[in-house]
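**Q** Return atomic coordinates for the entry below.
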Amino acid sequence: MFLLAVNETVSAVGQAIVGAAHWLVLGVILILAAILIFSVLKHILVNTVLGLVGLAILKFGLGLAIPLSFPVIVITILFGLGGLGMLLVLMFFGINLG
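**A** Here you go, the predicted model:
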């Protein structure tokens, strides 16, 4: 009985959507928005991972005295390799974030 009511409701909604062009446009816009969001998130994730790997290489591989403090980790996570470069420039000028 319940499945019959659900089937009728789904059928009624399906009939309301068929032929309505605005649903098609909305669907295409949502698909494009999802692709854009995932593309941006992918770039952010790659930049974050590269920044953390670069920080580990500089700290443990090359032995630079970069402090692993909260501001350093946050800057590296948010800005990736660019943030790591900024931290190196700040260290060059004697500004320590540790």
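
**Q** contacts and neighbour counts: CA atoms only from here.
**A** Noted.

**Q** my guess is residue 58 contacts residue 64, does it?
**A** Yes. At 5.7 Å, residue 58 and residue 64 qualify as touching, with contact defined as C-alpha atoms under 8 Å.

**Q** so where's this structure shaky on pLDDT?
**A** 1-20 (pLDDT under 70).

**Q** With neighbour numbers in mind, choose between residue 58 and residue 64.
**A** Taking neighbours as other C-alpha atoms under 10 Å, residue 58 and residue 64 compare with residue 58 leading, 16 against 13.

**Q** Just say helix, strand or coil for the more buried one.
**A** helix (DSSP: H, G, I helix; E, B strand; the rest coil).

**Q** For it, which residues are in contact?
**A** 64, 66 (C-alpha atoms under 8 Å, 6 or more residues apart in numbering).

**Q** Report the secondary structure element holding the residue most central in space within the chain.
**A** Nearest to the geometric centre of the chain sits residue 41, at 2.8 Å (C-alpha atoms, centre = their mean). Using DSSP states H and E, residue 41 maps to helix 21-56.

**Q** Residue 67 too?
**A** Per DSSP H and E, there is no helix or strand for residue 67.

**Q** Next, the contact list for it, please.
**A** 97, 98.

**Q** give me the number of residues near the closest residue to residue 84 other than its chain neighbours?
**A** Nearest residue to residue 84 in three dimensions, chain neighbours excluded: residue 76, at 5.6 Å (C-alpha to C-alpha, 6 or more residues apart in numbering). Applying other C-alpha under 10 Å, we find 26 residues neighbouring residue 76.

**Q** from what I can see residue 76 touches residue 52, true?
**A** Yes. Taking contacts as C-alpha under 8 Å, residue 76 lies within contact range of residue 52: 6.4 Å.
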